[in-house]
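# just a sequence and a predicted model for now, questions to come.
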Amino acid sequence: HHIFPKIIEHISEIVDPELVILAVKSYGLAEVSEKLTQVVRPETTVITLQNGLDNYLVVAKYLDCEVLPGLVLVASTKTAANMITQKGTQKRLVFGPRGGKITPKMREIVKILREAGIDAKLTERIETKLWKKFLFVVSFSSATVAGMCPIGEALSNPKTLTVYKEVLREAIAVGKEEGIIFEQDIFETTLNGALNFDPLTKSSLLVDLENHRQTEVEALQGVVIRLAEKNGVSVPVTEEIYRKIVE
């Protein structure tokens with residue numbers, strides 16, 4: 001399929017937006033949000049789709065409008081200039097209000113996304129959804145960075161498999177201290193999700209490291225460490241991976 005969207009180069013060219021979907025990396029949110037202050041209206045809805053837990057709070061510091069946390073469940077990588085390659089079959093977009101009620105506008109947004117062929121879901125439990133994806137991504141990225149290899153190889157190696165399991169346990173412990181109620185089998189289901197993933201997939205964190213780009217470590221391992229300190233939880237393996245990335 002070939003599509004021909006209207007493309008702009010500067011945020012200042014946006015006029016009276018009803019909906020803004022922020023798909024930049026987490027470390028670019030502050031800069032983009034500051035620029036958006038010139039174009040968004042009180043009636044605008046903004047959806048954040050970054051890895052991590054508190055991206056919508058970063059955006060909400062800048063914008064005086066509705067900001068909804070969201071997430072995307074997909075494995076995709078930039079494989080060449082102007083080319084994105086998706087691996088696996090999962091490709092879902094989830095968003096919703098945090099501690100609020102679903103509104104007619106939110107239902108209209110999800111309807112438009114679905115009509116465009118996007119597997120979109122509107123949920124009242126977005127915080128739990130964010131945490132479940134976070135558990136998957138932080139353990140997945142930690143194992144692939146520990147082995148500097150795709151997930152299949154990482155989970156086949158006893159050493160990096162241990163890294164995966166320990167980071168996952170640490171993140172679950174932190175989440176529970178934050179008041180998140182996980183299913184009893186959350187450890188097993190998260191691990192099985194990784195085991196059933198395309199074995200050749202690398203985490204975006206590893207891809208960024210390999211290409212000497214800025215990473216989302218602060219939105220992933222960094223969040224675990226900061227919340228662990230807040231709640232008095234020990235997360236030594238996550239701290240080890242964090243040091244490997246930032247040093």
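That came in fine, so what should we check first?
# what mean pLDDT does the longest strand along the chain have?
Of all the segments of type strand in the chain, defined by DSSP state E, the longest one is strand 66-80. Throughout strand 66-80, pLDDT has a mean value of 87.
# and for stretch 239-247?
Stretch 239-247 comes out at a mean pLDDT of 96.
# so residue 62 is in which element?
Using DSSP states H and E, residue 62 sits within no helix or strand.
# wait, doesn't it sit right on residue 33?
Yes - with contact defined as C-beta atoms under 8 Å, residue 62 and residue 33 form a contacting pair (3.8 Å). The way it works is simple: take the backbone N, C-alpha and C, and place the C-beta from them, glycine included.
# re the thing from before, please export the C-alpha coordinates of the longest strand of the chain as PDB.
Only the C-alpha atoms of strand 66-80 are listed here, as PDB (Å, rounded to 0.1, in the frame of the first residue of the first chain):
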ATOM      1  CA  GLU A  66      -6.000  16.200  28.000                       C
ATOM      2  CA  VAL A  67      -2.900  13.900  28.000                       C
ATOM      3  CA  LEU A  68      -3.600  10.200  27.800                       C
ATOM      4  CA  PRO A  69      -1.000   7.500  28.500                       C
ATOM      5  CA  GLY A  70      -0.700   4.800  25.900                       C
ATOM      6  CA  LEU A  71       1.500   2.100  24.600                       C
ATOM      7  CA  VAL A  72       2.200   0.100  21.400                       C
ATOM      8  CA  LEU A  73       2.800  -3.600  21.400                       C
ATOM      9  CA  VAL A  74       4.900  -4.200  18.300                       C
ATOM     10  CA  ALA A  75       8.400  -5.300  17.300                       C
ATOM     11  CA  SER A  76       9.800  -3.100  14.600                       C
ATOM     12  CA  THR A  77      13.300  -1.800  13.700                       C
ATOM     13  CA  LYS A  78      14.700   0.800  11.300                       C
ATOM     14  CA  THR A  79      16.600  -1.500   8.900                       C
ATOM     15  CA  ALA A  80      17.600   1.100   6.300                       C
END
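# still on that earlier bit, between residue 62 and residue 33, which has more neighbouring residues?
residue 33 (24 against 19; other C-beta atoms under 10 Å).
# phi first, then psi, for residue 63.
Reported as degrees, to the nearest 10, the phi and psi values for residue 63 are phi -110, psi 130.
# nearest spatial neighbour of it, chain-adjacent residues omitted?
Spatial nearest neighbour of residue 63, excluding adjacent residues (C-beta to C-beta, 6 or more residues apart in numbering): residue 40 at 5.5 Å.
# which residues sit in contact with the one you found?
With contact taken as C-beta atoms under 8 Å, 6 or more residues apart in numbering, residue 40 is in contact with 17, 20, 46, 63, 64, 65.
# how distant is the one helix or strand the third one maps to from the center of its chain?
Just to be clear, that refers to residue 46. Using DSSP H and E, the element containing residue 46 is strand 45-48. The chain centroid and the centroid of strand 45-48 are separated by 14 Å, computed with C-alpha atoms, centre = their mean, to the nearest Å.
# tell me the mean pLDDT over it?
Strand 45-48 comes out at a mean pLDDT of 98.
# can you pull out the strands in this structure?
Counting by DSSP E, the strands of the chain are 19-22, 45-48, 66-80, 83-95, 119-122.
# which elements pack onto the fourth one?
Secondary-structure packing of strand 83-95 (3 or more C-beta pairs under 8 Å, 6 or more residues apart in numbering; DSSP states H and E): strand 66-80, helix 104-115, strand 119-122, helix 126-147.
# deepest of the ones you listed, which one?
helix 126-147 (a mean of 24; mean count of other C-beta atoms under 10 Å).
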